[in-house]
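> I'd like to go over a predicted model; first the sequence, then the structure.
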Amino acid sequence: MSNDAPVKKKRKFELDPRLAAYKGVWVFIEHERGQVHPVSWELLGEGRKLADMLGVELAGVVLAAPGDDGQRFCHDAFAYGADLCYLMESPVLKDYRNDPYTRGMTELVNTYQPEVLLLGATTQGRDLAGSVATTLLTGLTADCTSLTIDLENRSLAATRPTFGGSLLCTIVTLNYRPQMATVRPRVMAMPERQEGRGALINARIVEHPLAMAEESIITKVLDYIPDDSRDKPQLPFADIIVSGGKGLAKQENFQLVWDLARVLGAEVGASRPVVQAGWAELDRQVGQSGKTVRPKLYIAAGISGAIQHRVGMEGADCIIAINNDPNAPIFDFAHYGIVGDALQILPALTEAFRQKLATTRRAG
Ligand SMILES: Cc1cc2nc3c(=O)[nH]c(=O)nc-3n(C[C@H](O)[C@H](O)[C@H](O)COP(=O)(O)OP(=O)(O)OC[C@H]3O[C@@H](n4cnc5c(N)ncnc54)[C@H](O)[C@@H]3O)c2cc1C
C-alpha cells in the first residue's frame, strides 16, 4: 500500500451510560421434548470466547415448564462452558410458543441486562430472536458465520454473507443493548463437554418466575406432531460427506457419488444446481440456502467452490476437491486437490477404498 492510500477512520463512539450497565454474554438454551438442541452447546463454546474477551460471565438461559428438566439443562450448560444459568419455569412455557417465550426472555433481559444474546438460527431460535429484538428495540444479526468482539468499543462484530452470498459483511449494534445474533447449527465447533465443571467453578442457577396467565396467550397447543426429519438425511451431523456438483454432467453420473459414499459409510451431499436439476433431494443441498456441515472429511466432486457452497462446508476438517479445472475456486480452500475428470476419479477412489477396507477386514 502506498503512503498516500486513504486511511479508514473508525467512527468515534461513546456508549450511552445507561447501556454501559449491560454486562455478560447469554446463550438461549433451546430444547424440545427433553432434548437440548446441539446448537446451544456450540453457541456456548463461541460465547465462552466472547465472554473471556469482554472479561464477563457467560450465562445459559433456560425457559421451561416445571417437570421439563430445566435444572438438568442448566447443569449441562455448565459442562459446556456457562458460568451461570437463568432458569425461568412456568406452565405456560410447556411447549415453545412465541408469546410466552418472548415475554419471558424480554423480562430476563430487562432485569439482568446482558450485553450479548446469542440464539441458534433454528426454527425456534429465529422466531424468538426476531420478536425479542423487536420488543426490546435492539439490533439482531441473523445467520452469522463468525462472531468476535471489537474491543475498542466492546461491540459484538457479527459477520454474515450478504448480497446473495457474494460478500461478507460485519455488522455492529453500537447504540442498543443487548447485541443479538443467531447462528446456524454446525457453523461453530462443538466445545468439549467437561463433566463436573459446574461444581468445580461454583456455577449458579438464578431462578426467575414468569407471571403470565394461560388465558392471556392467544396461541394454544392442540397436538404435537413429531418432526420426521430423523428419517431424512442427517448431513449436518455426518462425519464423512461425498458431494457432487454440476460438473458430473448428467443424473446417471451422480450414482458415482453414491457408490463412493456407500463404501466410506458417508452421507451424500450436492450443490444447488444438482438439486435444482432433480439429481438429489433438497435435504442434501450444502451451502448458503442448504445445510451447513462440519464433517471430518468432505469430498467435493465436480463442484466449482462458489461462495454460496463454500459457506456451508468450509468448516470441514479436511476437504478433498476433484475438479478438471486447475483454476477452480475450490482449490483455493481445499486441503487436497485432485485435478482431473471426476467421472474417472470417483470410480477409482471407490475401488481403492473397497480394496483397502477388504484388506483391513481380512487383517483384523
Ligand atoms: C442466493 C443464492 C444462494 C445459493 N445457495 C447455494 C447453496 O446453498 N449451495 C450451492 O451449492 N450453491 C448455491 N448457490 C449457487 C452457487 O452460486 C453456484 O452456482 C453453485 O454452487 C455452483 O454449483 P456447481 O459447482 O455444482 O456447478 P458449476 O458452477 O457449474 O461448476 C461445476 C464445476 O465442475 C467442474 N467440472 C466440469 N466437468 C468436470 C469433470 N468431468 N470432472 C471434474 N470436474 C468437472 C468445473 O470445472 C466446475 O468447476 C446459490 C446462489 C445464490 C445466488
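Yep, it's here. Numbering: from 1, shown residues only.
> dump the residue contacts of residue 269.
Counting by C-beta atoms under 8 Å, 6 or more residues apart in numbering, residue 269 makes contact with 235, 241-244, 280, 284-286, 291, 293, 298, 313. Quick note: C-beta positions are derived from backbone N, CA and C, even for glycine.
> Give me the distance between residue 257 and the ligand.
11 Å (C-beta to the nearest ligand atom, to the nearest Å).
> Now do the contacts for the closest residue in space to residue 263 that isn't next to it in sequence.
Leaving aside its sequence neighbours, residue 263 sits nearest to residue 353 (C-beta to C-beta, 6 or more residues apart in numbering; 4.8 Å). When the contact criterion is C-beta under 8 Å, 6+ apart, the partners of residue 353 are 260, 263, 264.
> and residue 353, what pLDDT?
You'll see residue 353 listed with a pLDDT of 94.
> buried set for whichever strand or helix holds it?
According to DSSP states H and E, residue 353 maps onto helix 342-363. Using 16 or more other C-beta atoms under 10 Å as the test for burial, helix 342-363 gives 342, 343, 345, 346, 349, 350.
> Filter the contacts of residue 353 down to the buried ones.
Applying 16+ other C-beta under 10 Å to the contacts of residue 353, the neighbour count classes 260, 263, 264 as buried.
> For these, give me a markdown table that also has distance to residue 84.
Output for these, formatted as a markdown table (distance: C-beta to C-beta, whole Å):
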| residue | distance to residue 84 |
| --- | --- |
| 260 | 47 |
| 263 | 48 |
| 264 | 43 |
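> Pick out whichever of the residues you listed sits closest to residue 32.
Distance to residue 32, by C-beta to C-beta, is smallest for residue 264 among the buried ones among the contacts of residue 353, at 31.7 Å.
> next one: phi and psi at that closest one?
Backbone torsions for residue 264, taken as degrees, to the nearest 10, come to phi -90, psi -10.
> separation between residue 291 and the ligand?
Residue 291 is 8 Å from the ligand, by C-beta to the nearest ligand atom.
> Give me the pLDDT value at the residue lying closest to that residue once chain neighbours are set aside.
Spatial nearest neighbour of residue 291, chain neighbours left out: residue 235 (4.6 Å); criterion: C-beta to C-beta, 6+ apart. Here the pLDDT value assigned to residue 235 is 92.
> cool, residue 357 as well?
85.
> Going forward, the N-terminal residue is numbered 724.
Renumbered: residue one is now 724, and that last one reads residue 1080.
> these two touch, right, it and residue 985?
No - Residue 1080 is not in contact with residue 985 according to C-beta atoms under 8 Å; the separation is 11.2 Å.
> What pLDDT does the model give residue 728?
We have a pLDDT of 51 for residue 728.
> ok, now residue 725?
42.
> now residue 743
For residue 743, pLDDT reads 88.
> what's the burial count for it?
Other residues near residue 743 come to 12 when the count uses other C-beta atoms under 10 Å.
> Also residue 802?
18.
> which bits of this structure sit near the ligand?
Within the chain, the residues that sit near the ligand (C-beta under 6 Å from any ligand atom) are 887-888, 968-970, 994-997, 1008-1013, 1025-1027, 1029, 1031-1032, 1035, 1045-1048, 1051, 1064-1066.
> which of those count as buried?
Counted by 16+ other C-beta under 10 Å, the residues of the chain next to the ligand give 888, 968-970, 994-997, 1008-1011, 1013, 1025-1027, 1029, 1031-1032, 1035, 1045-1046, 1051, 1065-1066 as buried.
> In helices, which of those fall?
Members of those lying in helices (criterion: DSSP state H): 995, 996, 997, 1031, 1032, 1035, 1065, 1066.
> what's the burial count for the nearest residue to the third one once chain neighbours are set aside?
If I follow you right, that is residue 997. Leaving aside its chain neighbours, residue 997 sits nearest to residue 1003 (5.3 Å; criterion: C-beta to C-beta, 6+ apart). By other C-beta under 10 Å, the residues close to residue 1003 number 22.
> Next one: the residue of the stretch 774-923 of the chain at minimum distance from the ligand from residue 1031, what distance?
Residue nearest to the ligand within the stretch 774-923 of the chain: residue 887 (4.0 Å; C-beta to the nearest ligand atom). Applying C-beta to C-beta, to the nearest Å, the value for residue 887 to residue 1031 is 7 Å.
> got the residue ranges for the helices in the stretch 774-923 of the chain?
793-802, 821-835, 846-859, 920-923 (DSSP state H, counting those that start in this stretch).
> Low-confidence stretches in the stretch 924-1073 of the chain?
Residues of the stretch 924-1073 of the chain meeting the criterion pLDDT under 70: 951-954.
> Which parts of it are strands?
Using DSSP state E, counting those that start in this stretch, the strands of the stretch 924-1073 of the chain run over 927-930, 963-967, 990-993, 1020-1024, 1041-1046, 1059-1062.
> Would you map out the domains in this protein?
Domain ranges of the chain: 740-949, 954-1086, per automatic domain parsing.
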